[in-house]
Each structure stands twice: as structure tokens, then as C-alpha cells.
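Enquirer: output the structure for:
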Amino acid sequence: MAVKEPGKINAEAEKISIDEFRNLFMQNLKGSFFKNDVIKKNYYLEGTICSDVERHKYGTSFKIQSDEGSVMNVFLPKKSGYHSGIEPGNKINLFGMFNIYDNNVENQFNFIEFKASKIIESDVSDSKREAILSALNEKGFLHKQKKDFVFQNIDFFKLMIISSKDSTASTEVTNCLKSTGFFEVSMHYIDTYKSDDIAELLNSMDKNNYYDAIMITGIGSLEKRLFDELNVIEAIAGMNSPVITAMGRCLADEVADITEDGPLTAARMLLYAYKESKFKNNESPLITNEHNSNLFITLTQEKEDLERKLSSMFSDKVTLLNKVQSQQRIMLLLSFVCIIAVIISFVN
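Expert: As a prediction, the model looks like this:
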């Protein structure tokens with residue numbers, strides 16, 4: 001569940017521990033420090049967020065702690081743009097440089113900061129994951145009965161898809177389901193990096209039970225972190241509408257009603273469930289194991305097409321070879337006739 005940020009990272013940047021970073025500062029704490037290449041160099045720094053996260057108009061500030069217990073202040077300027085995954089308890093890997101002040105350096109020692117220009121990755125720490133699962137378990141969310149889809153007595157099955165802005169998930173799902181004429185697919189693109197906003201969005205979508213199911217899929221790495229937050233997971237667990245998660249492994253899967261690998265597998269699952277429902281009501285035949293065998297059917301068709309092409313190529317090759325051999329025999333015969341004619345002419 002790593003969060004990968006776009007953009008090229010300096011291949012020459014050095015990975016450094018919090019203790020090494022502090023020692024480097026101490027070794028260069030002199031008048032020429034600000035002219036030293038050390039302060040101009042970029043580094044990789046890892047740790048676990050161990051403080052509240054302060055977000056203000058200039059950027060975001062927080063503290064990280066190494067496995068050895070050392071603590072470092074971190075400042076992420078607002079212009080960096082990528083603030084997803086910055087939550088207490090998350091493991092974080094940063095790329096950046098020293099961030100200290102020109103005036104009164106000695107008094108600023110306790111405020112040595114790592115100025116991060118990029119978040120390379122941010123993972124839910126084991127301790128945070130266990131705490132979230134424990135909280136969900138205490139509230140009974142992990143053992144709630146899964147909700148079923150309802151296809152009977154409705155004109156259309158209203159499906160809401162939540163995805164990232166650049167995702168093609170909606171198109172993929174719509175194309176898979178449109179042949180039935182029964183599924184009505186709506187789309188909502190995520191435009192926030194705040195978990196509170198996502199929890200509010202989910203609660204508003206669940207109002208009045210308007211949607212027959214909500215699918216969360218096609219989520220980019222930046223937004224996916226939101227579905228590892230407790231308030232979002234609790235919102236999903238408390239929804240009346242069935243929830244399908246299909247965005248890769250995340251904590252929201254623990255409370256979802258259905259979990260699939262991606263948008264297409266989720267769409268095929270819905271399609272099969274719909275056909276199974278019609279079959280039970282004697283409205284249409286059902287192909288056994290259709291959901292699980294869709295991929296194999298596709299692969300078999302592709303295999304057959306390839307075999308036909310190869311067979312055609314082999315046939316063309318054999319035909320060409322026969323033509324060449326036939327022409328070679330004619331050439332040999334003509335050559336033999338010419339030789340006989342020359343011999344006869346010579347004898348006469």
C-alpha cells in the first residue's frame with residue numbers, strides 16, 4: 001500500500017538515518033555551513049509519524065521517529081502538493097534536504113528540520129493497523145453480516161462508482177454491464193485528500209438508500225491512503241448500501257461487503273450475480289461459473305485466434321514452398337532440354 005509520487009527523484013541522493021542527519025549538522029555547524037555542499041544536497045529519510053500533523057498556509061509540519069527512537073522535525077512546503085498519507089502512526093519515506101535558518105543558528109538547533117520536497121511512500125504501520133482493526137472489532141464491524149445485492153422489483157440497478165479523476169474504471173464497468181440494459185452507472189471523482197471529506201461523501205451517498213450498490217475502484221495511490229483511515233472505514237461499515245472495494249489491498253476491504261481485484265472483475269461479479277438472480281426466477285439460462293471463467297473464455301478465444309493465424313501462416317508457407325519446388329523442377333527440365341539440344345547441335 002505504498003504511495004508513489006510522480007516526478008523524477010535524484011538518483012544521487014543519499015539514504016540517511018535521523019541520527020546521521022543530526023550528526024551531519026553537528027559536524028558542519030560553523031560559519032561556512034551555509035556554503036557547504038552538505039546543506040545543498042538531497043537525502044532520503046525514513047521514520048514513523050509520531051506527532052500531531054499541523055497543516056497551515058505555508059505547508060505541513062510533523063515529527064518522525066526512527067526505529068531507534070530518534071526524533072526529527074519535518075516540514076513539507078505547500079507547493080510540494082502531495083500531502084496524502086501524512087497521518088500519525090504512518091511509516092513514511094521522504095526526499096528532501098536541510099531546512100534551517102541563517103540567523104542565530106545555535107539557538108535554532110532544537111528546530112533543525114528536514115525540508116521534504118516529495119513523499120516517496122507512506123505505509124500504515126503494523127501498530128496503527130492493529131489499533132484500527134482492534135477498534136473495528138470492538139464496535140462489531142469486522143463480524144457484521146455482509147449485505148446482498150437486490151435485483152428484484154426494481155427497474156434499474158443504480159450503481160455509484162467512486163474513483164480517481166484520471167481513472168477509466170467507470171468506462172470499463174459501464175462497457176461490461178451495458179449489454180443488460182439493467183445497470184445505471186453513475187460516477188463520482190475524488191477531489192480531496194482529507195479522510196473527513198471522504199467519510200462525509202460516503203454518508204451522503206448512503207442517504208435514503210438511493211444507490212443499490214457503491215463501488216470504490218480505480219483509486220490512485222494518493223487517494224487510496226484515505227481508505228486506510230479509521231473514520232472512512234467506519235463510514236463504509238455503517239452504510240446501508242452494499243459496498244464493493246476493488247482498488248488493491250487496503251484496510252477498507254476488512255468491512256466491505258464484496259472485495260474484488262479491479263473494476264472489470266467487480267463488474268463481472270455484478271453481471272454474474274444479476275444473471276444468477278434471473279436464473280433463479282426462471283427468466284434466463286445461467287452459464288455455470290461464468291464469473292470465474294470469463295478470463296479463461298477470453299484467453300481461450302485469443303489462443304484459438306492465434307492458432308488460426310499460425311495455421312494460416314504455415315499453410316501459406318507450404319503453398320509457397322510447393323510453388324518454388326515446382327518452378328525448380330521446370331527449370332531443371334528446361335536446362336536438361338537445352339543441354340540435349342546443344343549436344344545434338346554439336347554432333348551434327
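Enquirer: what segments of the protein are helices?
Expert: In the chain, the helices defined using DSSP state H lie at 18-27, 37-40, 126-138, 169-177, 195-205, 221-224, 230-237, 263-280, 290-347.
Enquirer: dump those helices to TSV, plus distance to residue 251.
Expert: For every residue, glycine as well, the C-beta is placed using N, CA and C. Below are the helices of the chain laid out as TSV (distance: least, C-beta to C-beta, whole Å):
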stretch	distance to residue 251
helix 18-27	27
helix 37-40	39
helix 126-138	6
helix 169-177	20
helix 195-205	12
helix 221-224	10
helix 230-237	6
helix 263-280	18
helix 290-347	25
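Enquirer: residue 212 is nearest to which of these?
Expert: helix 263-280 (9.9 Å; C-beta to C-beta).
Enquirer: that closest one relative to helix 169-177, how many degrees between them?
Expert: If you take axes from the mean of the first three to the mean of the last three C-alpha atoms, to 10 degrees, helix 263-280 sits at 30 degrees to helix 169-177.
Enquirer: from the contact counts, what lies against helix 263-280?
Expert: Helices and strands touching helix 263-280, as assessed by 3 or more C-beta pairs under 8 Å, 6 or more residues apart in numbering; DSSP states H and E, comprise strand 157-163, helix 169-177, strand 213-217, strand 243-246, helix 290-347.
Enquirer: was I right about residue 14 contacting residue 44?
Expert: Yes: when contacts are counted by C-beta atoms under 8 Å, residue 14 is listed as touching residue 44 (7.0 Å).
Enquirer: I figured residue 50 hits residue 65, correct?
Expert: Yes: under the criterion of C-beta under 8 Å, residue 50 makes contact with residue 65 at 4.0 Å.
Enquirer: which of the residues in stretch 151-160 are buried?
Expert: 151, 157, 158, 159, 160 (16 or more other C-beta atoms under 10 Å).
Enquirer: am I right that the last one is in contact with residue 209?
Expert: This means residue 160. No: in this structure, residue 160 is not within contact of residue 209 by C-beta under 8 Å, at 12.0 Å.
Enquirer: which parts of stretch 267-283 are buried?
Expert: Across stretch 267-283, burial judged by 16+ other C-beta under 10 Å covers 267, 268, 269, 270, 271, 272, 273, 274, 275, 277, 278.
Enquirer: typo on my end, stretch 246-260
Expert: The neighbour-count check on stretch 246-260 (16+ other C-beta under 10 Å) flags 246-247, 250-260 as buried.
Enquirer: what would those residues look like in TSV with distance to residue 18?
Expert: Converted to TSV, the buried residues of stretch 246-260 look like this (distance: C-beta to C-beta, whole Å):
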residue	distance to residue 18
246	38
247	33
250	28
251	27
252	32
253	33
254	32
255	35
256	37
257	42
258	42
259	37
260	40
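Enquirer: okay, now the sheet partners of whichever strand in the chain runs longest, with direction.
Expert: Using DSSP state E, we find that the single longest strand of the chain is strand 113-124. According to DSSP bridges, strand 113-124 forms sheet pairs with strand 71-77 (parallel), strand 90-99 (antiparallel).
Enquirer: one step back: residue 14 and residue 44: who's more crowded?
Expert: The residue with more neighbours, out of residue 14 and residue 44, is residue 44; 17 against 11, by other C-beta atoms under 10 Å.
Enquirer: how close does residue 61 sit to residue 117?
Expert: Residue 61 sits 15 Å away from residue 117, going by C-beta to C-beta, to the nearest Å.
Enquirer: wait, which of the helices of the chain is closest to residue 72?
Expert: Per C-beta to C-beta, nearest to residue 72 of these: helix 18-27, 4.6 Å.
Enquirer: would you mind getting the angle between that closest one and strand 90-99?
Expert: Direction vectors for helix 18-27 and strand 90-99, defined by the same axes, to 10 degrees, enclose an angle of 10 degrees.
Enquirer: for helix 18-27, what is the distance to the chain centroid?
Expert: Relative to its chain's centre, helix 18-27 lies at 36 Å (C-alpha atoms, centre = their mean, to the nearest Å).
Enquirer: how about it: buried residues?
Expert: By neighbour count with 16+ other C-beta under 10 Å, helix 18-27 contains the buried residues 18, 21, 22, 24, 25.
Enquirer: give the rounded mean pLDDT of it.
Expert: Taken as a whole, helix 18-27 has a mean pLDDT of 80.
Enquirer: so the closest residue to residue 210 other than its chain neighbours bridges to which residues?
Expert: Distances taken as C-beta to C-beta, 6 or more residues apart in numbering put residue 158 closest to residue 210, at 6.7 Å, once the chain neighbours are dropped. On DSSP bridges, the residues paired with residue 158 through beta bridges are residue 184.
Enquirer: ok, now the one 5 residues further on?
Expert: Note on residue 163: beta-bridge partners residue 189, judged by DSSP bridges.
Enquirer: could you tell me the least trusted of the strands paired with strand 113-124?
Expert: Per-stretch mean pLDDT for those is lowest at strand 90-99 (a mean of 82).
Enquirer: verify the contact between residue 190 and residue 161 for me.
Expert: No: applying C-beta under 8 Å, one finds residue 190 not in contact with residue 161, separated by 11.0 Å.
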